[in-house]
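**Student:** I'd like to go over a predicted model; first the sequence, then the structure.
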Amino acid sequence: MTGSPEQVADDIYRVADGVVNFYLVTDGEDGLAIVDAGWPRSMGAIATAIGRLGRAPGDLDAILLTHGHPDHVGAAEGLRRGTRAPVLAHSREVERVRGNAPGSSPFRLVPGLTTQIWRPTTVAFLGEATVKGFLTPTWVEEVQAFEIGEQLDAPGSPRVISTPGHTPGHVSFLFEKAGAVISGDAICTRDPVTGHTGPRMLHEVVNEDSELTRASLGELGSLDADVLLPGHGEPWRGSMGDAAAAARER
């Protein structure tokens with residue numbers, strides 16, 4: 001059910017809004033962060049999920065983004081305005097999150113996706129994306145930058161991992177205490193373009209640089225964690241080395 005948080009690691013909850021995941025991270029009785037913010041029209045799902053954890057959107061301490069595509073930026077600006085929680089993104093991704101980077105328009109992805117329109121899964125993805133506001137995003141007006149390797153002062157104390165390729169400034173977040181990696185679109189377990197499951201790269205038509213995305217699997221594979229939490233698909237449990245190897249094979 002959309003808006004139902006599923007605990008997937010210590011203090012980390014997955015929420016699936018259709019084919020897109022976002023994650024809520026708690027820290028003690030008060031701390032609360034969201035990693036990625038769903039679709040542009042996910043505000044209702046986010047509020048519902050936070051409420052089911054016994055919290056309110058106003059309790060948010062931070063809004064963390066893996067990258068600047070509209071199905072991850074999602075409702076971040078509405079949350080920022082409504083809660084005053086800061087939106088944080090990698091310094092190379094800030095202008096994309098603000099909608100100012102070359103190629104930040106979601107329409108840039110459309111030509112590649114139309115080459116896959118023969119797939120029912122691609123048609124379903126495009127339909128859901130349209131309904132959920134992917135083509136009419138609300139960009140974030142104020143974004144705070146972080147850098148690779150930083151341990152962020154946010155619930156769960158995530159460490160920023162460099163995983164470029166899907167976008168130039170794409171990052172993943174390592175939650176060392178929980179033994180979990182939120183990978184955004186650096187690796188998925190269900191490709192919304194093809195419908196294929198298991199650890200894999202997203203289809204090349206949605207990656208800015210598929211070779212760089214493939215190289216980033218090496219960084220993911222070196223991490224000491226046993227829970228992979230992707231932006232699309234179910235959680236995957238096992239070593240990150242095995243996940244990265246599976247993605248390479250596919």
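**Tutor:** On my side now, so go ahead. What you are looking at is a predicted structure, and each value in this text was computed from that prediction instead of being measured. Residues are numbered from 1 along each chain as shown.

**Student:** Touching, residue 193 and residue 201? I think so.
**Tutor:** No: Residue 193 lies out of contact with residue 201 (Cβ atoms under 8 Å); the separation is 10.9 Å. (Each C-beta comes from the backbone N, C-alpha and C, glycine too.)

**Student:** where exactly do the helices run in this structure?
**Tutor:** 43-52, 70-73, 76-83, 94-97, 110-114, 120-131, 210-221, 240-249 (DSSP state H).

**Student:** nearest to residue 166, of these?
**Tutor:** When the helices of the chain are compared by Cβ to Cβ, helix 210-221 sits nearest residue 166, at 5.5 Å.

**Student:** average pLDDT for the closest one?
**Tutor:** For helix 210-221, mean pLDDT is 96.

**Student:** same question, stretch 93-107
**Tutor:** Rounded mean pLDDT across stretch 93-107 is 91.

**Student:** same check, this time on stretch 141-155
**Tutor:** Mean pLDDT, taken over the full extent of stretch 141-155, equals 97.

**Student:** ok, and what's touching it?
**Tutor:** Stretch 141-155 is contacted by residues 11, 25-27, 31-33, 61-62, 64, 77, 80, 86-91, 94, 97-98, 157-162, 171, 173 when judged by Cβ atoms under 8 Å, 6 or more residues apart in numbering.

**Student:** Narrow those to those that are buried.
**Tutor:** Buried residues within the contacts of stretch 141-155, counting neighbours by 16 or more other Cβ atoms under 10 Å: 11, 25-26, 31-33, 61-62, 64, 77, 80, 87-90, 94, 97-98, 157-162, 171, 173.

**Student:** between the helices of the chain, which gets the lowest average pLDDT?
**Tutor:** Of all the helices of the chain, the segment with the smallest mean pLDDT is helix 110-114, scoring a mean of 91.

**Student:** Buried residues, that one. List them.
**Tutor:** Within helix 110-114, the residues that qualify as buried are residue 113, counting by 16+ other Cβ under 10 Å.

**Student:** which other residues reach it?
**Tutor:** Residues from elsewhere that reach helix 110-114, judged by Cβ under 8 Å, 6+ apart: 122, 125-126, 193, 205-206.

**Student:** How many neighbouring residues does the spatially closest residue to residue 157 that is not a sequence neighbour have?
**Tutor:** Residue nearest to residue 157 in three dimensions, not counting chain neighbours: residue 151, with 5.6 Å by Cβ to Cβ, 6 or more residues apart in numbering. If you count neighbours by other Cβ atoms under 10 Å, residue 151 ends up with 12.

**Student:** can you name the farthest residue from the center of the chain?
**Tutor:** Relative to the mean C-alpha coordinate of the chain, counting by Cα atoms, centre = their mean, the farthest residue is residue 118 (26.3 Å).

**Student:** how near is residue 230 to residue 170?
**Tutor:** With distances defined as Cβ to Cβ, to the nearest Å, the gap from residue 230 to residue 170 amounts to 13 Å.

**Student:** These two: who's more crowded?
**Tutor:** Taking other Cβ under 10 Å, residue 230 and residue 170 do not tie; residue 170 has more neighbours (31 against 26).

**Student:** How about the contacts made by the nearest residue to the more buried one once chain neighbours are set aside?
**Tutor:** If you skip the residues right next to it in sequence, residue 170 has residue 67 as its closest partner in space, 4.3 Å away by Cβ to Cβ, 6+ apart. If you count contacts by Cβ under 8 Å, 6+ apart, residue 67 has them with 89-90, 93, 96, 166-167, 169-171, 184-185.

**Student:** longest strand in this protein, by residue count?
**Tutor:** Here the longest strand in the chain is taken by residue count, with DSSP state E as the criterion, and it is strand 20-27.
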